[in-house]
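> Sequence and predicted model, in that order:
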Amino acid sequence: MTKTDKSCQNKLFCNGVHNLPTEIFDVEKFVTLSGNAEYCAVKRLKDVVKLKLRTPRMLYTLKVDPAKAEEIIKRLKCEIREV
């Protein structure tokens with residue numbers, strides 16, 4: 001195991017970059033980021049819908065009202081996965 005491999009055992013901090021999820025508050029930015037995403041996970045709760053974009057480097061999240069969720073999901077440019 002190399003020195004780099006040992007430091008990457010902590011998945012929250014690898015290669016000098018924090019890999020924590022980042023919450024996005026702007027819908028337009030979220031839709032733009034979806035162009036580079038592998039997939040979008042949709043988690044439907046009672047009062048909110050969580051959208052999670054998995055890009056090669058980061059996980060981006062967006063919390064929206066269930067009424068607005070469907071129109072946002074239709075605009076996304078990646079695979080949609082219901083969780």
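Thanks, I have the structure now. Residues are numbered from 1 along each chain as shown.
> my guess is Val27 meets Ile72, correct?
Yes - the pair Val27 and Ile72 qualifies as a contact (C-beta atoms under 8 Å) at a distance of 6.0 Å. (Glycine included, C-beta is placed from N, CA and C.)
> Look up how far Leu20 lies from Leu53.
Counting by C-beta to C-beta, to the nearest Å, the gap between Leu53 and Leu20 amounts to 14 Å.
> in what helix or strand does Glu71 lie?
Per DSSP states H and E: Glu71 is located in helix 66-75.
> And Leu53, by the same measure?
Assigned by DSSP H and E, Leu53 belongs to strand 49-54.
> Give me the sheet partners of that strand and which way each runs.
Strands that pair with strand 49-54, judged by DSSP bridges, come out as strand 39-44 (antiparallel), strand 59-64 (antiparallel).
> Just the buried positions in the last one, please.
For strand 59-64, a neighbour-count test (16 or more other C-beta atoms under 10 Å) marks 60, 62, 64 as buried.
> dump the residue contacts of Glu23.
60-63 (C-beta atoms under 8 Å, 6 or more residues apart in numbering).
> more neighbours, Val27 and Ile72?
Shown here are Val27 and Ile72; by other C-beta atoms under 10 Å, Ile72 has more neighbours (19 against 15).
> Can you name the residues that contact the more buried one?
Contacts of Ile72 (C-beta under 8 Å, 6+ apart): 27, 30-31, 51, 62, 64.
> what distance separates the start and the end of stretch 51-65?
11 Å (C-alpha to C-alpha, to the nearest Å).
> Repeat that for stretch 48-62.
Per C-alpha to C-alpha, the first residue of stretch 48-62 is 10 Å away from its last.
> Give me the contact list for that stretch.
17, 19, 21-25, 27, 30, 33-34, 36-43, 63-66, 69, 72-73, 76, 78.
> How far does that stretch sit from its chain's centre?
In terms of C-alpha atoms, centre = their mean, to the nearest Å, the centre of stretch 48-62 is set 1 Å apart from its chain centre.
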